[in-house]
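I would like the atomic coordinates for the input below:
(2 chains)
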Amino acid sequence: GAVVSQHPSWVICKSGTSVKIECRSLDFQATTMFWYRQFPKQSLMLMATSNEGSKATYEQGVEKDKFLINHASLTLSTLTVTSAHPEDSSFYICSASLPGQSYQPQHFGDGTRLSIL
Amino acid sequence: QQQVKQSPQSLIVQKGGISIINCAYENTAFDYFPWYQQFPGKGPALLIAIRPDVSEKKEGRFTISFNKSAKQFSLHIMDSQPGDSATYFCAASQGGASGSRLTFGEGTQLTVNP
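You can find the predicted model right below:
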């Protein structure tokens, strides 16, 4: 149980385009999902907390107009990187935990490798 | 206050040996401490987690030791295998709140030689 799926797993696109990444909880409903960014050989950096039916909460230094998050249903959150540039190239990972229960681990998707040419 | 310090940055162990990774935290509000294993190109996968009401938790070859007074916790991998070669992250959160955010350590790249 508690499977989180991300799509696509890898995307390459030209500078200036927008890219949408999907994060789905396959066997549970997730009121809260998290989006992370990870550079090679570094730790996960929390970008934002995605709450179903409300605006996302962004971490300090993360441009909310650059990284648009939509959590329109209890099983789907999307991250759109707008007007992507080479410096946005990174590994993006989402996570979710079982709702309404304390001391539950976050379950992670397999990540999306974004390469901007 | 929100940091979790992890060491060593990298670790090389012979097959069958014990791998030990240490973490220290500052925020006394943290009350949930999971460890994650990450293979290249994959997302982190939960290994084992502990709450501070116990000093040790064991699951198979993986053991977490927890020292609340020192605000430190560690992961021990017994009988390390080449398949354990991965990056390991400790983390901490205020786990009592549903959907609470994780603070990650810097990661340890473990290599187990055959």
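
and chain B, which of its residues are near chain A?
B:32, B:34, B:36, B:41-46, B:49, B:51, B:89, B:95-99, B:101-102, B:104-107, B:109 (Cβ under 8 Å from any Cβ of the partner chain). Every C-beta, even on glycine, is put in place using the N, C-alpha and C of the backbone.

Quick one: buried ones out of those?
With burial judged by 16 or more other Cβ atoms under 10 Å in any protein chain shown, the buried subset of those is B:32, B:34, B:36, B:42-44, B:49, B:89, B:95, B:99, B:101-102, B:104-107.

Lowest-confidence one in these?
Taking those together, the minimum pLDDT is found at residue B:99 (68).

Look up the closest residue to the residue nearest to the spatial centre of chain A, ignoring the ones flanking it.
Residue closest to the average C-alpha location in chain A (Cα atoms, centre = their mean): residue A:35, at 3.5 Å. What sits nearest to residue A:35 in space, not counting adjacent residues and going by Cβ to Cβ, 6 or more residues apart in numbering or on different chains, is residue A:47, at 4.7 Å.

Could you give the number of residues near that neighbour?
Neighbour count of residue A:47, defined by other Cβ atoms under 10 Å in any protein chain shown: 24.

mind checking pLDDT for it?
pLDDT, read off for residue A:47, is 96.

hang on, it is in a strand, isn't it?
Yes: under DSSP: H, G, I helix; E, B strand; the rest coil, residue A:47 falls within a strand.

Provide a list of residues in contact with it.
A:35-37, A:58-59, A:62, A:67, A:79 (Cβ atoms under 8 Å, 6 or more residues apart in numbering or on different chains).

what's the distance between it and chain B?
11 Å (Cβ to the nearest Cβ, to the nearest Å).

what does residue A:102 give?
To chain B, residue A:102 is 5 Å away according to Cβ to the nearest Cβ.

With residue A:83 instead?
Taken as Cβ to the nearest Cβ, the span from residue A:83 to chain B is 26 Å.

hang on, that residue is in a helix, isn't it?
No: Residue A:83 is assigned coil when assessed by three-state DSSP, not a helix.

No more questions from me, cheers.
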